[in-house]
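the sequence and its predicted three-dimensional model are supplied below.
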Amino acid sequence: MNQSVTVRVPAKINLQLAVGPLRPDGYHDLVTVFHAVDLCDEVTVALAEEDTDSVAVSGEGAAQVPADGGNLAMRAVRALRARAGMAGNVRIRIIKRIPVAAGMAGGSADAAGALVACDELWGTGLPAAELSALAAQLGSDVPFALLGGTAVGRGRGEQLSPLAGDSAATYHWVLAYADGGLSTPLVYKTLDQLRDGRDVPAPGLSDELVEALRAGDPFRLGRALGNDLQAPALSLFPALNETLAAGRSLGSLGALVSGSGPTCFFLARDAEHAASLAARMREAGACRSVAVATGPAAGASVITTEDATRHG
């Protein structure tokens with residue numbers, strides 16, 4: 001039996017996020033195009049002799065991540081344990097590279113990583129569809145963190161359809177991290193307030209965006225990016241206007257707030273352009289820090305296992 005399993009799991013950005021009207025249940029119908037990027041957290045789950053589960057977090061924004069039962073990775077472990085009828089406790093170790101409360105689904109990524117790690121650790125062997133259904137119970141973005149690549153999300157975002165594109169296309173992104181976070185529920189509430197009294201159509205998938213992805217054309221893709229949550233995010237976090245303006249003025253092909261924010265992302269022509277844009281964004285001082293990433297990236301993937309024989 002494996003003693004520990006480590007999984008690498010990617011951040012996401014939303015190339016499109018179309019939000020429908022508020023539903024009676026308090027949710028909104030969405031049509032979104034998820035895109036996984038190679039900015040990844042690592043989640044290690046190990047068998048524990050202790051009589052309780054534990055979680056330890058290090059890296060980017062670690063102090064902001066719950067280290068108790070409220071941690072989404074911990075909830076994922078317990079959900080899979082209940083589903084598979086497993087016994088025994090685990091130690092969870094999360095190395096964060098995805099910023100917290102930043103619109104990049106870092107918590108959802110960690111939950112997906114924990115699901116995949118425990119599935120491997122315990123040998124439960126759940127089919128992908130069943131693991132995805134369990135992920136959807138944990139959060140709307142968790143199923144995509146399992147899947148990776150580029151996909152259309154509907155419903156609350158958990159109903160996924162992989163989006164085929166030019167298989168040779170790699171997109172180069174510059175990620176601008178803000179000094180602070182945004183609450184996703186507050187961003188949605190602010191969107192509803194901004195729309196008050198208006199007729200809001202049902203969300204639809206952008207044909208322009210789909211065609212750009214199928215062609216593998218970054219110039220067309222940059223023009224097609226869109227996010228209905230950008231306006232409320234900007235109203236709550238006005239400094240993002242400066243960040244977006246800086247990226248546009250410095251030559252990005254497209255600029256957008258990621259999900260509910262406050263991370264902003266910028267599309268570059270190629271790797272050299274991305275490195276140059278990132279350096280100039282740092283010099284401009286319009287954000288807390290800057291990172292470079294590429295996509296589409298793979299979903300949650302096992303990278304190491306350690307079995308009982310190695311402990312002699």
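That came in fine, so what should we check first?

please make it C-alpha for all contacts and neighbour counts, starting now.
Will do.

low-scoring stretches of the chain, by residue?
1-2, 308-312 (pLDDT under 70).

any idea how far Val55 is from Ile303?
19 Å (Cα to Cα, to the nearest Å).

number of nearby residues for Met104?
Met104 has 27 neighbouring residues, counting by other Cα atoms under 10 Å.

is it correct that Asp166 is in contact with Gly216?
Yes. Counting by Cα atoms under 8 Å, Gly216 is a contact partner of Asp166 at 4.9 Å.

strands along this protein, start to end?
Remark: strands assigned in the chain by DSSP state E are 2-22, 28-48, 54-59, 89-96, 150-155, 159-162, 171-177, 226-227, 254-257, 264-268, 289-295, 301-307.

so what's the residue nearest to Arg154 when sequence neighbours are not counted up against?
Excluding the flanking residues, the one nearest Arg154 by Cα to Cα, 6 or more residues apart in numbering is Val31, at 4.8 Å. Residues in contact with Val31 (Cα atoms under 8 Å, 6 or more residues apart in numbering) are 16-19, 152-155, 157, 203-205.

and these, which are buried?
For the contacts of Val31, a burial check counting by 16 or more other Cα atoms under 10 Å picks out 16-19, 152-154, 157, 203, 205.

distance of the residue lying closest to Ile98 once chain neighbours are set aside from Gly61?
The spatial neighbour of Ile98 that comes closest, neighbours along the chain excluded (Cα to Cα, 6+ apart), is Gly106 at 5.4 Å. The gap separating Gly106 from Gly61 is 10 Å, by Cα to Cα.

for the two, list the residues in contact with both.
99-100.

picking that back up, assess the claim that the residue nearest to Ile98 and Ile95 are in contact.
No. Taking Cα under 8 Å as the definition, Gly106 is not a contact partner of Ile95, at 11.0 Å.

now Gly157. Its backbone dihedrals?
Dihedral pair for Gly157: phi 110, psi -10, per degrees, to the nearest 10.

need the buried ones among the contacts of Val31 in JSON lines (columns: distance to Gly247).
Below are the buried ones among the contacts of Val31 laid out as JSON lines (distance: Cα to Cα, whole Å):
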{"residue": "Gln16", "distance to Gly247": "19"}
{"residue": "Leu17", "distance to Gly247": "20"}
{"residue": "Ala18", "distance to Gly247": "23"}
{"residue": "Val19", "distance to Gly247": "25"}
{"residue": "Val152", "distance to Gly247": "26"}
{"residue": "Gly153", "distance to Gly247": "27"}
{"residue": "Arg154", "distance to Gly247": "30"}
{"residue": "Gly157", "distance to Gly247": "28"}
{"residue": "Pro203", "distance to Gly247": "28"}
{"residue": "Leu205", "distance to Gly247": "26"}
